[in-house]
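Colleague: sequence? don't have it. structure:
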């Protein structure tokens, strides 16, 4: 398994990302003023499953002796907002040491729903909210469950691996920002090339199947690592705040995936950010 430090970014995508960073900084500054310089802690829960035989629960626990204000921002794979089942809004208050569970109001079948949980804290207060989720599917007389832990976005992460080590896997991508992102996907047979005459001295894969896919603001996509017998999979991204996770099938009869926690995704080397 080779971790990828993403040095390849399209010029247009990089310009969009830089502009996005500037816009994001302004938005965060405005948010800080709105909340009187209070602290906002954001947690992302990915790959939530819904359907006729599947459901996902968002689990919150207030670990402190004070009341906590929480916002749960749910999204479909398209990026569209979605509310909480049985709730009139998405702003909540948890009493000291209170535990609570919530579900998104999704009727269609999906494996790509996700939420962003925001905890509001007054100046000088530490974070107090424990956040997690679980997805469950019923097959026959069996209930299968997988845990979903909090993940954190980073700029321009990438994934590069031989398929033999990630057989059956799916790479989940979430664009958690209000700006578009780009995913560059390459399936290859593992052959490499370089072009010193064009100042390309580093080796790059020869792609049998290659395409770029735009990901809308707050959108999610899944990419199978296996396709048409190719032996190598490469995914490079350009975006302000992207989450990547490698998911492995829990069972061949259930559309449920567990996170492969042994995989780490490096972001753009210029930022120094890591997940």
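Modeller: Sure, I can see it. Predicted, not measured: the structure shown is a model, and the values here were computed from it.
Colleague: what about the helices in the stretch 1-150 of the chain?
Modeller: For the stretch 1-150 of the chain, helices defined by DSSP state H, counting those that start in this stretch occupy the ranges 11-34.
Colleague: hey, where'd the strands end up in it?
Modeller: 39-50, 54-62, 68-75, 81-82, 91-94, 99-102, 110-121, 129-139, 142-148 (DSSP state E, counting those that start in this stretch).
Colleague: Tell me which of the ones you listed sits nearest to residue 241.
Modeller: Proximity to residue 241, assessed across the strands of the stretch 1-150 of the chain by Cβ to Cβ, is greatest for strand 39-50 (9.0 Å). C-beta: built from backbone N, CA, C; applies to glycine.
Colleague: lowest-pLDDT helix or strand in this structure?
Modeller: The least trusted helix or strand in the chain, going by mean pLDDT, DSSP states H and E, turns out to be helix 11-34, with a mean of 46.
Colleague: Dump the strands of the stretch 1-150 of the chain into CSV; add distance to residue 156, mean pLDDT and mean neighbour count as well.
Modeller: Formatted as CSV, these follow (distance: least, Cβ to Cβ, whole Å; pLDDT from 0 to 100; neighbours: other Cβ atoms under 10 Å):
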stretch, distance to residue 156, mean pLDDT, mean neighbour count
strand 39-50, 17, 93, 21
strand 54-62, 28, 96, 20
strand 68-75, 21, 96, 20
strand 81-82, 25, 97, 14
strand 91-94, 32, 94, 15
strand 99-102, 32, 97, 14
strand 110-121, 19, 94, 21
strand 129-139, 25, 93, 19
strand 142-148, 24, 90, 15
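Colleague: residue contacts, the residue nearest the centre of the chain?
Modeller: Among the residues of the chain, the one closest to the centroid is residue 243, at 3.2 Å (Cα atoms, centre = their mean). Going by Cβ atoms under 8 Å, 6 or more residues apart in numbering, residue 243 touches 44, 46, 151, 152, 153, 154, 157, 172, 173, 174, 176, 275.
Colleague: so the fourth one touches residue 44, yeah?
Modeller: In this case it means residue 152. Yes - here residue 152 reaches residue 44: they are 6.7 Å apart, a contact under Cβ atoms under 8 Å.
Colleague: okay, the strands of the stretch 1-150 of the chain in TSV with distance to residue 259 next?
Modeller: Output for the strands of the stretch 1-150 of the chain, formatted as TSV (distance: least, Cβ to Cβ, whole Å):
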stretch	distance to residue 259
strand 39-50	8
strand 54-62	14
strand 68-75	19
strand 81-82	22
strand 91-94	26
strand 99-102	20
strand 110-121	13
strand 129-139	11
strand 142-148	8
